[in-house]
Structures are given as C-alpha cells and as structure tokens.
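> Attaching a predicted model along with its sequence, questions to come.
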Amino acid sequence: MVYPTLNTFLPAIQSLPNSRSLTKQDLVTEQFLMKKSENLELYYAPHNEYMNKQAKVVIIGITPGWKQMKTAYEQFIKSMASGHNLETCLKETKKAAGFAGSMRTNLSRMLDQCNLPQILGISHSEDLFGKNRDLLHTTSVIKYPVFLKGKNYTGHQPTINRSSLLQEYAYQVFPKELEQMASPALVIPLGKAVEQVVLHLAEKQKLSSHTYLIGFPHPSGANGHRIKQFQQQKSQLCTKVAAWGKKIEKWSNMSSFSL
C-alpha cells in the first residue's frame, strides 16, 4: 500500500532516537508540523494511517492527544527496528495508541450493558482492544494531533466551526474515512464535540449509512456524570445497538448470498 503522508515524514521519524522515551522537544517540532492557524497547530502522528476497513465497531475521539502521539511514535520506531513491513508497523502502532486505562474500562462496561458482546459473539467488549481487535477501528474527527497554545485541543475554544483548519478535517477528511468501511458499522462518537460533528454531517447528508450511538457518554474518568448520563440514555442506546445487530446480520446474509 502507498502512504504518501507517512512517506513525507518517514526520514524525520527515522532520525528520532530509539534508545529513550520521546519528549515534546522531539515531536512537537517544525519537522512534524503539518498546518498552523492562529493558536492551533496540527502535527503528524503515524497511528491513524492504518485503517481496519473490515471493522464492525468504530470508536471516534476528537483528536489524538500528546500521550497517544508519543505512544504512536515510540511503537512505530520499535516496529521498524524489528524489521516489519510498513503495513505491520502501522497496524501495531494503531493498536498501541488506542484508548487505554480507565477510559477503556469505562467504555467497555457501558458497551457490555448495551449487549454488544452478544451481538458480536465475543465474551466482553474489552476484548475489542485485545483478542478481537480485528472487529474494531478507532479514529478521530481531527485525524492528527492538534495543540492549542501547546496543550491538547479538547474540542472547545475554538469550536470546530470557528476554525477553517479544524473544519477541513472534521467535515471533509473524516466522512471520507467512514465511507471506506466495508460493512454497516456501529459508530460511537465520544463527547459532545464529536457528537456535534456527526450531527452536522448528518444534517448536510454527508454521513454513510452506519448506526451512530448519539447520546453515548464520554467514558473519561474526568466525566463524573457519565454513569448518570448512561442510565438516562441506556434504553435508546440498547435499542439502537439491537437494531444494528439485525442490520449487520441481514447484511452478512446478503453478502454471503451474493458470493
């Protein structure tokens, strides 16, 4: 496969140190800067180059943060040093830089309560990040890390609609990524900013025909209201997941018949 964006930054990546932990002084630099607009800066990171088009579940964040960026580079360098081809390097990088820690735990618990494992035929939603990783694709509405005055961009101040740089990725690049999914996916937007992008695209009729879990609480530990929010939304979320299950079963049967 051809990865033009990666190839642009590959020489700089290969010059990074591989014997120590990487810092912002290594990565948040001119050599990895892609675009800049007022106080916003967008930097390259290799983990969103790989796309699992066969995934059944898609989890969407706002933009990769510094920790994801750092993890992505370190894993990519490690994979290259192991002699793997680019496709394998990018796949391993995507897996390493996915949602981790308490966010993954909270997310998995809520998806379990939505009966997702039963539909997918897996033991627990947590397995999507492990032995059943082939069923999952993770991404962001802003594909690459964005920093606001050197700090992680959170989707606010400015909002996406107040930045031409952010609008380009959220309203042009992101929907094209969803179009590449091979089957009707269960798409889970995390947080209000991501949800607003999805609703905007739906209003403009720029969304692919997947199932979108609007109202799903952000699983971050910082969201102290997530349990209450989930209980309030649980009924409609379960209904959507069940409807998607029937949709994906019908699609699978039709696909098998067409073969």
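Happy to help now that I have it.
> going forward, measure contacts between C-alpha atoms and count neighbours the same way
Will do.
> Over to residue 40: give its phi and psi.
Here is the backbone geometry of residue 40 (degrees, to the nearest 10): phi -100, psi 140.
> That one reaches residue 151, doesn't it?
No - assessed by Cα atoms under 8 Å, residue 40 is found out of contact with residue 151, at 9.5 Å.
> For the stretch 151-259 of the chain, just list every one of the strands.
Using DSSP state E, counting those that start in this stretch, the strands of the stretch 151-259 of the chain run over 151-152, 186-189, 211-212.
> which one of those has the most crowded surroundings?
Mean neighbour count (mean count of other Cα atoms under 10 Å) peaks for strand 186-189 among the strands of the stretch 151-259 of the chain, with a mean of 23.
> okay, and for the protein, where does confidence drop off?
For the chain, the stretches flagged by pLDDT under 70 are 1-2, 254-259.
> Could you identify the longest helix within it?
helix 226-258 (DSSP state H).
> do you know which of the strands of the stretch 151-259 of the chain lies nearest residue 203?
Taking Cα to Cα, strand 211-212 is the member of these nearest to residue 203, at 13.4 Å.
> end to end, how far does stretch 203-219 reach?
Start-to-end span of stretch 203-219 (Cα to Cα, to the nearest Å) is 26 Å.
> Mind listing what's buried along it?
Using 16 or more other Cα atoms under 10 Å as the test for burial, stretch 203-219 gives 206-208, 210-219.
> Please list the outside residues in contact with that stretch.
With contact meaning Cα atoms under 8 Å, 6 or more residues apart in numbering, stretch 203-219 is reached by 103-104, 106-107, 175, 178-179, 184-192, 195, 198, 201, 226, 229-230, 233, 237, 240-241, 244.
> Just the buried residues of the residues you listed.
Among the contacts of stretch 203-219, those buried by neighbour count (16+ other Cα under 10 Å) are 104, 106-107, 175, 178-179, 184-192, 195, 198, 201, 226, 230, 233, 237, 240-241, 244.
> After whichever helix or strand residue 58 is part of, heading C-terminal, what element do we hit next?
Residue 58 belongs to strand 57-61 when assigned by DSSP states H and E. Next helix or strand after strand 57-61 toward the C-terminus (DSSP H and E): helix 66-81.
> can you list the residues that contact that following helix?
Against helix 66-81 from outside (Cα under 8 Å, 6+ apart): 13-14, 18, 21-23, 27, 45-47, 86, 88-90, 92-94, 96-98, 145, 152.
> List only buried entries from those.
13, 22, 27, 45-47, 86, 89-90, 92-94, 96-98, 145, 152.
> Of those residues, which belong to helices?
Under the assignment DSSP H, these contribute 13, 27, 86, 89-90, 92-94, 96 to helices.
> can you list those residues in CSV and add distance to residue 5?
Putting those into CSV (distance: Cα to Cα, whole Å) gives the following:
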residue, distance to residue 5
13, 12
27, 16
86, 13
89, 15
90, 13
92, 18
93, 16
94, 16
96, 20
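> one step back: sort out which residues of the longest helix of the chain are buried, please.
Applying 16+ other Cα under 10 Å to helix 226-258 flags 226, 230, 233-234, 237-238, 240-242, 244-245, 247-248 as buried.
> mind putting the residues you listed in a markdown table, distance to residue 81 included?
Output for the buried residues of helix 226-258, formatted as a markdown table (distance: Cα to Cα, whole Å):
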| residue | distance to residue 81 |
| --- | --- |
| 226 | 41 |
| 230 | 43 |
| 233 | 46 |
| 234 | 45 |
| 237 | 43 |
| 238 | 44 |
| 240 | 44 |
| 241 | 41 |
| 242 | 44 |
| 244 | 41 |
| 245 | 41 |
| 247 | 43 |
| 248 | 40 |
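> Closest to residue 53 out of those?
Comparing the buried residues of helix 226-258 against residue 53 with Cα to Cα places residue 248 closest, at 14.8 Å.
> May I have the residues that are in contact with the closest one?
Counting by Cα under 8 Å, 6+ apart, residue 248 has contacts 183-185.
> repeat for residue 132
Counted by Cα under 8 Å, 6+ apart, residue 132 has contacts residue 122.
> same thing but at 10 Å, please
Neighbouring residues of residue 132 by Cα atoms under 10 Å, 6 or more residues apart in numbering: 120, 122-126.
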